[in-house]
Structure formats: structure tokens, C-alpha cells
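In: Got a sequence here, can you build the structure:
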Amino acid sequence: MNRAGFVGASASTRTEPRLDGRSPSDLSDDDVDMLRFELAKTEEEIQTLRQVLLAKEKYASDVRRQLGLSPLSTMKQNLSRGWQDVQSSAPYLTASATLDDISHSSVYVRTRDNLSHAGQVTSAALSNVGVAFTRRLAEMRALPLPGPPRSLSHTVSVPTMRHSSTFKSLEEMVVSVKDKVTNNGDASGFQRRSSRHNAS
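Out: This is a model prediction of the structure:
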């Protein structure tokens with residue numbers, strides 16, 4: 001039931017009880033006591049190792065500071081070393097070779113050329129629109145500013161307007177709508193409209 005134990009920071013050899021697939025309820029009181037003792041001892045060793053690791057990290061930090069190495073430069077070195085490791089890894093080299101094959105394939109080259117051509121055509125079209133727009137703005141600036149708005153009496157007299165075909169057509173539509181609204185769309189309404197139209 002005992003086996004060679006862990007050689008830890010204290011460099012002592014201990015024996016550990018083995019569970020051998022037994023549930024905790026099947027353990028004897030001696031086994032439970034032994035396991036609790038081992039757990040306490042292991043946790044104490046873990047704490048000691050943490051303190052040793054912390055002391056070593058502090059010492060390494062002091063040495064870096066004395067050498068003029070900042071945490072940022074150390075991180076840059078670690079990143080650079082890590083990137084070099086990645087670049088020399090088999091998956092990276094395989095992916096790089098695959099991408100290189102793709103970039104030299106005929107489909108990729110045609111797609112790249114077509115997109116480049118489309119970009120050039122779009123750029124030229126936008127440039128032409130911009131030139132036309134700028135030219136039109138320049139033409140508009142060259143036009144004289146409009147004068148103050150004129151009243152209706154300055155352009156066409158009211159009696160002249162009444163006899164125009166546009167006015168007559170508009171008047172007929174208004175009368176027609178009025179008759180429909182007031183339900184006077186009978187023959188007498190038609191006669192009134194006709195007589196009014198002939199009088200004018």
C-alpha cells in the first residue's frame with residue numbers, strides 16, 4: 001500500500017498511501033490521517049516553492065535593471081524570439097508555401113488584375129464626375145445674380161390671364177370638381193358651365 005514518494009524541496013523521501021480505485025469511504029482511519037498529512041505537507045512545499053520562485057524573479061528583475069534592460073525591451077526580445085520560433089515551425093512553413101502557391105495561381109492573378117482594373121475605372125469615373133461638378137459650379141458662379149422677384153402684375157395682366165387657354169382649362173376643372181362635390185352634376189349644372197364659358 002506504500003510507494004516511493006515525491007522528492008521535494010526538503011529532499012526527503014516519503015511514502016504515500018495509494019487509493020487503488022477505492023472510494024474515500026473505503027479508506028481506513030490511518031489512510032485518511034496519512035493523506036491529510038501528505039496534503040498539508042504538499043501544500044507547504046508548494047508555498048515554499050512559490051516563495052523561492054518570487055525571490056528568483058525579483059533577483060532576475062534586479063539583474064535586468066543593472067544591465068539597463070527595461071521590461072519593455074525584455075518583452076520585445078521575447079516576442080521577437082517567439083516570432084522567430086513561429087516562422088521556423090512546420091505549420092507556418094506549410095501555410096506560407098500554400099499562400100505562395102495561391103498567390104501565383106492563374107485564378108488569383110486574374111482576380112487581382114480584374115480588381116485592379118475595376119479600381120482604375122471607378123477612380124477615373126469619380127474623377128470625371130468631380131471635374132464636371134467643379135465645371136458646373138464655376139459656370140453657376142459666372143452667372144449674374146437674379147434680381148428681386150417681380151410681382152405677377154409686372155409679367156402678365158390679370159385680364160389677359162383670364163382669356164388664356166390654361167386659365168380656362170383650370171377654371172373648367174375647378175367648376176367640375178365643385179359641381180361633383182355639391183351634387184349639382186345634372187344637366188342644369190352643365191348648362192350653367194356652358195353658358196359661363198360662352199360668356200367669357
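
In: can you give me the helices for this protein?
Out: Counting by DSSP state H, the chain has helices at residues 29-67, 71-87, 90-103, 106-142, 152-155, 158-162, 165-181, 187-199.

In: closest one to Ser23 among these?
Out: The minimum distance between Ser23 and the helices of the chain falls on helix 29-67, with 11.9 Å, by CB to CB. (Glycine included, C-beta is placed from N, CA and C.)

In: Report all helices and strands that that closest one contacts.
Out: Packed against helix 29-67 by the contact rule (3 or more CB pairs under 8 Å, 6 or more residues apart in numbering; DSSP states H and E) you find strand 15-17.

In: State the mean pLDDT of the strand it packs on.
Out: On average, the pLDDT along strand 15-17 is 54.

In: Could you do stretch 78-89 as well?
Out: 87.

In: before we move on, what about stretch 39-48?
Out: 96.

In: List the buried residues for it?
Out: Going by neighbour count (16 or more other CB atoms under 10 Å), the buried part of stretch 39-48 is Lys41.

In: export that stretch as PDB, just CAs?
Out: Taking Å, rounded to 0.1, in the frame of the first residue of the first chain, the C-alpha atoms of stretch 39-48 are listed here in PDB:
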ATOM      1  CA  LEU A  39      -1.800  17.100   1.700                       C
ATOM      2  CA  ALA A  40      -0.600  19.500   4.400                       C
ATOM      3  CA  LYS A  41       3.000  18.800   3.600                       C
ATOM      4  CA  THR A  42       2.500  19.200  -0.200                       C
ATOM      5  CA  GLU A  43       0.700  22.500   0.300                       C
ATOM      6  CA  GLU A  44       3.500  23.700   2.500                       C
ATOM      7  CA  GLU A  45       6.100  22.700  -0.200                       C
ATOM      8  CA  ILE A  46       4.000  24.500  -2.900                       C
ATOM      9  CA  GLN A  47       4.100  27.600  -0.700                       C
ATOM     10  CA  THR A  48       7.900  27.300  -0.200                       C
END
